[in-house]
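Engineer: below: sequence and its predicted model.
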Amino acid sequence: KLTIQNLASSDLVLNLKSEILAREGLPVAEQRQHAIALSEQIKAEEVPVVRRELVRTLAHFYVVESEAGLKTALEDSDPDIRSVACKAMGARPGQSARNALLKVVRSDEDTDVQSTALRALGNFDGQEVFDELKKALENRDPAVQYAGIQGLRTLTGQDWGEDPETWLAGLDGKDPEVIH
């Protein structure tokens, strides 16, 4: 349901997006204030489209205060919002983002969200990340398999085509026959 408050939220998003264009000049203290405000607004917002735009806006603030809002968005009831949050987490360095994405891959029931998280995981190092991406190649869903390939391509720098079996062979140290 669209209300005056929701319209004000939309205006807030637009105003913040214009501010972000000059983010390099925005002092860190102000970035933190905006991140806290956006995180609170994400929790309170009822309109999914506005929540999604709030998450997209929050993604531009690379301060620790933005993580609370992004983690809230990873558990949103709307899968599109969870996917946007996965993309944002994939652009952040650190264990917190990596662990949040691993949790999504392991627990989210929406394959589109899982796929977005798998692609984002390719930006992180570690055996746990490698294992989850490799495990995705054995999934029955071709979209999840392909997302695993995309994540592994980013992680390893290898390109063994689009066939999961070829990737599994390559990851197991065999010399896969690549057909492009």
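Structural biologist: In hand now; what should we look at?
Engineer: got the contact list for the residue minimising distance to the centre of the chain?
Structural biologist: Geometric centre of the chain, nearest residue: Cys86, 1.5 Å, by C-alpha atoms, centre = their mean. If a contact means C-beta atoms under 8 Å, 6 or more residues apart in numbering, then Cys86 has Leu74, Leu101, Val104, Val113, Thr116, Ala117, Ala120 as its contacts. Quick note: C-beta positions are derived from backbone N, CA and C, even for glycine.
Engineer: and which of those is nearest to Gly126?
Structural biologist: Leu101 (11.3 Å; C-beta to C-beta).
Engineer: average pLDDT across stretch 135-151?
Structural biologist: For stretch 135-151, the per-residue pLDDT values average out at 97.
Engineer: and the contacts of that stretch?
Structural biologist: With C-beta under 8 Å, 6+ apart as the criterion, stretch 135-151 contacts 105, 111-112, 114-116, 118-122, 133-134, 152, 162, 164, 167-168.
Engineer: show the buried residues in those.
Structural biologist: Burial by neighbour count, 16 or more other C-beta atoms under 10 Å: within the contacts of stretch 135-151 this picks out 105, 111-112, 114-116, 118-122, 133-134, 152, 162, 164, 167.
Engineer: distance-wise, check the residue nearest to the centre of the chain relative to Leu70.
Structural biologist: When distances are taken as C-beta to C-beta, to the nearest Å, Cys86 and Leu70 turn out to be 9 Å apart.
Engineer: what does Gln41 give?
Structural biologist: Counting by C-beta to C-beta, the separation of Gln41 from Leu70 is 13 Å.
Engineer: what does Ile36 give?
Structural biologist: The separation that Ile36 has from Leu70, given C-beta to C-beta, amounts to 13 Å.
Engineer: higher neighbour count, these two?
Structural biologist: For Ile36 against Leu70, the residue with the higher neighbour count under other C-beta atoms under 10 Å is Leu70, and the figures read 25 against 16.
Engineer: low-confidence ranges, this structure, go.
Structural biologist: Counting by pLDDT under 70, the ranges of the chain that qualify are 1-24, 179-180.
Engineer: 50 instead?
Structural biologist: Scanning the chain with the threshold set as pLDDT under 50 gives 1-11, 13-15, 17-18, 21-23.
Engineer: only the buried residues of the helix or strand harbouring Thr57, if you could.
Structural biologist: Assigning secondary structure by DSSP states H and E places Thr57 in helix 48-58. Taking 16+ other C-beta under 10 Å as the basis for neighbour counts, the residues of helix 48-58 that come out buried are Val50, Arg51, Arg52, Glu53, Leu54, Val55, Arg56, Thr57, Leu58.
Engineer: how close does the first one get to Asp78?
Structural biologist: Just to be clear, that refers to Val50. Computed with C-beta to C-beta, the distance linking Val50 and Asp78 is 11 Å.
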